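Enquirer: okay, sequence plus prediction incoming.
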Amino acid sequence: MSQVPVKKRSRCPQHATPPPVHLEDPVRFPDTVLCLVEKRMGASRRAFLTSLARRRGFCVEGADSKRVTHVVSEGNSGDEVMEWMKRKGSCWMDALGSGPALLDLSWFTESMSAGQPVEIEPRHRLGVTIRKEEPEGRRQVAAYICQRRTPLAHCNQALTVALETMAEEARFCSSEGRSLAFSRAASVLKSLPWAVRRVQELSALPCIGEHSKKIIQEVLEDGTSAEVESIKQSERYQTMELFTQIFGVGVKTASRWYREGLRTLADLKAQHTKLSREQQAGLQHFEDLQIPVVRSEAEAIGQVVQKAVEQFLPGASVTLTGGFRRGKQSGHDVDLLITHPEEGQEVGLLRKVISWLDSQGLLLYHSSQRNTFYALEEQEMLDSSTSTMDRFERSFSIFRLDYLSGGIQRGAGSQEPGSIMSGFGATRSWKAVRLDLVVTPYSQFSFALLGWTGSKNFERDLRRFCKQEKKMALNSHALYHMEQKIFLAAASEEEIFQHLGLEYIPPEERNA
Ligand code: CTP
Ligand code: MN
Ligand code: MN
């Protein structure tokens, strides 16, 4: 594990002071690994019992650790402990007996007074209901998206579409928490290798709240959810969906326009609504940007960018990321990541590439941001880990994709060879495509690749997992260990997963 020492921060002297040194308690019983169940025990009692056990030479680890041999709880049934362990990321709990032993606190107190693990007796064990009707594999769904494999094609399409409409509606109401709850429920269903047929099957799954359960039940019983259908029919939902599809328009702006009585794109134009340069471009190219970009188009744009990059910095690489890297055949934009093996060579590259593309008439709109991430510092890491925005040199632009140059295979929406239908019935030989370009220093490339591959749900949960389970902060630049106060370097995505103690999930299985 390569580690980069944290750069000391002069503005914040308390960070320069090293943390108090804790000599680890020597492990006397390496084959006995305890997990203490916080439910009913409470956090402070759990912390007290943990340090007591460690002082006596026992190992104590979290619920997600595969090393746990003895799960100790106070005042819970065996089923409750199973449920809690699964929620905390344990994916190997097994009612049939091959998982760790589920024990009452009496085993723990007897072991502490004996000064060594005592023999497990039947009276120590917690009983677990064995559900014979559920096939073995069905009960093992991990709590975090980044612990699961989520392929592009899955078996619960009707259910996830309904839940995602609920998530979208909640987002349109700025109810982020509610939106997240529906998105997480949808993600769980996307990861299941079977189709849910009965609402009873949901009880073994994490992240499915009461409201999600109700929506799922409606779809299972009636084929559609009345609540989802009425949302889809509502004027507010339809208007918000239309406005937020305009490049540069977020929920806040769309809500304001709705409150002002605006309902259509024609309204925006007729009312002379004040628009940013980005929004003007978004509105102007609205129809083109609605047409999905297909892989051959993304690859063609990648080649044009590669050519531009090569002119200014031979040896630089251009990588297609985002949905296409996850195996999608179409998407709403093209995401390209640019880097050069010699760190520092990439500085200033994006400006030159953008100027050249612009001079060739290939950009219909561009806005660029300089790299504002000068040094990896602790506070920076802690701040930016909470936001998905990173601080690379990047450009969110609109590319003019010409079908007459370079034999590009066209996507849906283009009707005749060498032409695409415009909204007014005329044909032309090009279409507007959203293009995101990001330039990254070589040492941050793996983090940028992981961060820009998505999906958004996968990334969000990966960062949450780091923070809540590993006391680490992850963003598209780096991985920082908050307790050890060190940056963990990684030359590949695999190494990042290793640092986090996660099984490697390939891009095609990050479609949460
Ligand atoms: N992303 C980011 N910072 C931004 C915008 C996007 O880190 N300012 C990341 C997102 O978190 C996502 C990835 O870039 O993981 C791709 O984003 P996007 O292009 O919006 O989504 P896709 O998954 O590529 O979906 P689509 O195929 O529709 O483009
Ligand atoms: Mn994309
Ligand atoms: Mn993008």
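Expert: Nice, I can see it. Ligands and ions are numbered 1, 2, ... in the order given.
Enquirer: what segments of the stretch 201-350 of the chain are strands?
Expert: Assigned by DSSP state E, counting those that start in this stretch, the strands in the stretch 201-350 of the chain fall at 293-294, 317-320, 330-331, 334-339.
Enquirer: and for the stretch 1-150 of the chain?
Expert: Using DSSP E, counting those that start in this stretch, the strands found in the stretch 1-150 of the chain span residues 3-5, 33-36, 59-60, 70-73, 101-104.
Enquirer: got these as JSON lines, with mean pLDDT, distance to residue 81 and mean neighbour count columns?
Expert: Placement of C-beta: from N, CA and C, glycine included. Putting the strands of the stretch 1-150 of the chain into JSON lines (pLDDT from 0 to 100; distance: least, C-beta to C-beta, whole Å; neighbours: other C-beta atoms under 10 Å) gives the following:
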{"stretch": "strand 3-5", "mean pLDDT": "47", "distance to residue 81": "36", "mean neighbour count": "11"}
{"stretch": "strand 33-36", "mean pLDDT": "96", "distance to residue 81": "10", "mean neighbour count": "23"}
{"stretch": "strand 59-60", "mean pLDDT": "95", "distance to residue 81": "16", "mean neighbour count": "21"}
{"stretch": "strand 70-73", "mean pLDDT": "96", "distance to residue 81": "5", "mean neighbour count": "24"}
{"stretch": "strand 101-104", "mean pLDDT": "94", "distance to residue 81": "5", "mean neighbour count": "20"}
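Enquirer: circling back to that earlier point, can you list the strands of the stretch 201-350 of the chain in CSV and add distance to residue 30 and mean pLDDT?
Expert: Output for those, formatted as CSV (distance: least, C-beta to C-beta, whole Å; pLDDT from 0 to 100):
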stretch, distance to residue 30, mean pLDDT
strand 293-294, 54, 97
strand 317-320, 43, 98
strand 330-331, 49, 97
strand 334-339, 43, 98
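Enquirer: ok, which of the ones you listed comes nearest ligand 1?
Expert: Ligand 1 lies closest, by C-beta to the nearest ligand atom, to one member of those: strand 330-331, at 2.5 Å.
Enquirer: endpoints of stretch 322-338, how far apart?
Expert: In stretch 322-338, first residue to last residue: 13 Å (C-alpha to C-alpha, to the nearest Å).
Enquirer: buried residues, it. List them.
Expert: The neighbour-count check on stretch 322-338 (16 or more other C-beta atoms under 10 Å) flags 322-328, 331-338 as buried.
Enquirer: for ligand 2, give me its nearest residue in the chain.
Expert: Closest residue of the chain to ligand 2, C-beta to the ion: residue 322 (3.1 Å).
Enquirer: surely that residue meets residue 454?
Expert: Yes: Residue 322 is within contact range of residue 454, at 6.0 Å (criterion: C-beta atoms under 8 Å).
Enquirer: return the distance of residue 255 relative to residue 262.
Expert: The gap separating residue 255 from residue 262 is 11 Å, by C-beta to C-beta, to the nearest Å.
Enquirer: picking that back up, can you list the strands of the stretch 1-150 of the chain in a markdown table and add distance to residue 294?
Expert: Putting the strands of the stretch 1-150 of the chain into a markdown table (distance: least, C-beta to C-beta, whole Å) gives the following:
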| stretch | distance to residue 294 |
| --- | --- |
| strand 3-5 | 40 |
| strand 33-36 | 48 |
| strand 59-60 | 52 |
| strand 70-73 | 50 |
| strand 101-104 | 52 |
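Enquirer: how about these, which one is nearest residue 479?
Expert: Evaluated over those, closeness to residue 479 peaks at strand 3-5, with 10.1 Å, by C-beta to C-beta.
Enquirer: which helix or which strand is home to the most centrally placed residue in the chain?
Expert: The residue lying closest to the centre of the chain (C-alpha atoms, centre = their mean) is residue 459, at 1.9 Å. Using DSSP states H and E, residue 459 maps to helix 456-470.
Enquirer: is any residue of that helix near ligand 3?
Expert: No: Helix 456-470 does not reach ligand 3 (C-beta under 5 Å from the ion); its nearest approach is 9.9 Å.
Enquirer: for that helix, packing partners?
Expert: helix 176-191, helix 445-453, strand 472-474 (3 or more C-beta pairs under 8 Å, 6 or more residues apart in numbering; DSSP states H and E).
Enquirer: contacts for the shortest one?
Expert: Spelled out, that is strand 472-474. Contact with strand 472-474 is made by 381-382, 385, 447, 462-463, 466-467, 479-482, 488, 496, 499-500, as judged by C-beta atoms under 8 Å, 6 or more residues apart in numbering.
Enquirer: and what of stretch 150-165?
Expert: Counting by C-beta under 8 Å, 6+ apart, 182-183, 185-187, 189-196, 212, 215-216, 218-220, 223-225, 228, 231-232, 326-328, 455, 458, 508-512 sit against stretch 150-165.
Enquirer: still on that earlier bit, also near ligand 1: which of the buried residues of stretch 322-338, exactly?
Expert: Filtering those for proximity to ligand 1 by C-beta under 6 Å from any ligand atom leaves 322-323, 328, 331-333, 335.
Enquirer: can you tell me how far residue 337 is from ligand 3?
Expert: For residue 337, the distance to ligand 3 (C-beta to the ion, to the nearest Å) stands at 11 Å.
Enquirer: contacts only, for that residue.
Expert: Residues near residue 337 by C-beta under 8 Å, 6+ apart: 318-319, 321, 438, 440, 445, 448-449, 452.
Enquirer: adding distance to residue 404, write the strands of the stretch 201-350 of the chain out as CSV.
Expert: Converted to CSV, these look like this (distance: least, C-beta to C-beta, whole Å):
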stretch, distance to residue 404
strand 293-294, 17
strand 317-320, 23
strand 330-331, 22
strand 334-339, 19
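Enquirer: contact residues of this protein facing ligand 2?
Expert: For the chain, the contact set with ligand 2 under C-beta under 5 Å from the ion comprises 322-323, 331, 333, 335.
Enquirer: returning to what we had before: would you mind saying which of the strands of the stretch 1-150 of the chain lies nearest residue 26?
Expert: strand 59-60 (10.9 Å).
Enquirer: could you list every helix and strand in contact with the closest one?
Expert: Under the contact definition 3+ C-beta pairs under 8 Å, 6+ apart, strand 59-60 sits against strand 33-36, helix 43-55.
Enquirer: got any ranges where this protein has weak pLDDT?
Expert: Within the chain, the stretches with pLDDT under 70 are 1-24, 91-98, 130-139, 368-390, 406-426.
Enquirer: what parts of it come near ligand 3?
Expert: 333, 335, 436.
Enquirer: how about the last one, secondary structure?
Expert: Read that as residue 436. What DSSP: H, G, I helix; E, B strand; the rest coil gives for residue 436 is strand.
Enquirer: not counting its neighbours along the chain, what's nearest it?
Expert: Of all residues not flanking residue 436 in the chain, residue 335 sits nearest, at 4.7 Å (C-beta to C-beta, 6 or more residues apart in numbering).
Enquirer: pull the contacting residues for that neighbour.
Expert: Counting by C-beta under 8 Å, 6+ apart, residue 335 touches 320-325, 436, 438, 452.
Enquirer: direction included, what does the helix or strand hosting residue 487 pair against?
Expert: Here residue 487, judged by DSSP H and E, is contained in strand 486-488. Paired neighbours of strand 486-488 in the sheet (DSSP bridges): strand 3-5 (antiparallel), strand 479-481 (antiparallel).
Enquirer: and after that strand, which helix or strand comes next?
Expert: Using DSSP H and E, the helix or strand that follows strand 486-488 in sequence is helix 493-499.
Enquirer: buried ones in that next one, by neighbour count?
Expert: 493, 495-497, 499.
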